[in-house]
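>>> Need coordinates for the below:
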Amino acid sequence: MNPYVEILRPGNAIMALIAVVLMAIIGKTYSIGIILGAVSVFIATGAGNTINDYCDSEIDKINKPERPIPSGRITLKNALYYSLILFVIATIIGFFISFENGVTVIICSILMILYAYDFKQRCLIGNICVALLTGLTFVYGALITGDVYLGIFLGFFAFLMTLSREIIKDTEDIEGDKKENANTLPIKYGAKNAVMIAVILNILTCLLSPILYIYNVFSIVYLLIVIVDDIIFIYSAILALKDQSKENLHKVSKLMKIAMLIAFISFAIGSII
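Here you go, the predicted model:
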């Protein structure tokens, strides 16, 4: 893969883009604004991933040596300029959609830059920042479709799921983060306690998930699909509690990513059927 594409982490960027598409499906709103919104979210997320890799270049030599910067395929200088250009492009597209969307892109861009430079090394603040950014993608899409309250509601669920996964990822990367004197949750309070908090968030998400059916936001089809999602979340929680090794937590993180995707699918199908 081209290193300038790889550094965007297109898989993660597409996950963010899906939130905008979901709001379009749920709100039955299909317009050029949705297309532009999805593109701007993809670009902004890619910019955030790039600036994050720029700031993490030393840590990634230990945790992710295959990434474009530590592997030498992209220089630090080029990565910095690349990310800044992408942020500007995403912001321009956001303002082209609406003033509110443009301001939202600016807010999210600032959060991503602060996260990369400082927040990610602060206990829980970095995790909350990433989770908030994920939730805001639903709000961003809702600003286009007009379903702002629903966007906030769905964004809250995305926030909980993302916060849990981010804690697991920090626990997975504890070895490299310690060498960089980071103050992440698992470093400050221990891997087991960090995983326990992630598990509690998983359980809370599962317990709250039927609310979207109970209050007639989505149909019973949503409930049937989300049960599968909840089972995966619970299974990943059990795995994490049993073994906090890097290899196992990497597996848990992947399972949680799959569970989040299923949750997003349940939102879409539950609004259609």
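>>> pLDDT score for G27?
Reading off the confidence values, G27 has pLDDT 80.
>>> Same check on K179?
The model reports K179 with a pLDDT of 68.
>>> again, but for T75
What the model reports as pLDDT for T75 is 86.
>>> ditto for I220
91.
>>> Contacts only, for it.
Residues near I220 by C-beta atoms under 8 Å, 6 or more residues apart in numbering: Y213. The C-beta positions use only the backbone N, C-alpha and C, and glycine is treated the same way.
>>> any idea how far I269 is from it?
From I220 across to I269, the span is 11 Å (C-beta to C-beta, to the nearest Å).
>>> same question, N78
42 Å.
>>> and what of I59?
From I59 to I269 the distance is 39 Å (C-beta to C-beta).
>>> who has more neighbours, those two?
Ranked by neighbour count (other C-beta atoms under 10 Å), I59 and I269 place I59 first, with 20 against 16.
>>> Quick check: pLDDT value at that one.
In this model, I59 carries a pLDDT of 75.
>>> Which helix or strand contains it?
Using DSSP states H and E, I59 falls within helix 57-63.
>>> same for that helix, what does it pack against?
Under the contact definition 3 or more C-beta pairs under 8 Å, 6 or more residues apart in numbering; DSSP states H and E, helix 57-63 sits against helix 174-179.
>>> Let me see the ranges of the helices in this protein.
Here the chain has its helices, by DSSP state H, at 3-6, 10-27, 32-55, 57-63, 76-97, 99-117, 125-145, 148-172, 174-179, 185-189, 191-208, 211-214, 220-242, 246-272.
>>> Could I get those in CSV, plus columns for distance to P70?
Shown next, in CSV, are the helices of the chain (distance: least, C-beta to C-beta, whole Å):
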stretch, distance to P70
helix 3-6, 11
helix 10-27, 18
helix 32-55, 9
helix 57-63, 5
helix 76-97, 10
helix 99-117, 16
helix 125-145, 20
helix 148-172, 17
helix 174-179, 11
helix 185-189, 21
helix 191-208, 24
helix 211-214, 41
helix 220-242, 27
helix 246-272, 17
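>>> Surely D60 and S71 touch.
No. Counting by C-beta atoms under 8 Å, D60 does not reach S71; the two are 9.1 Å apart.
>>> Perfect, I'm done here.
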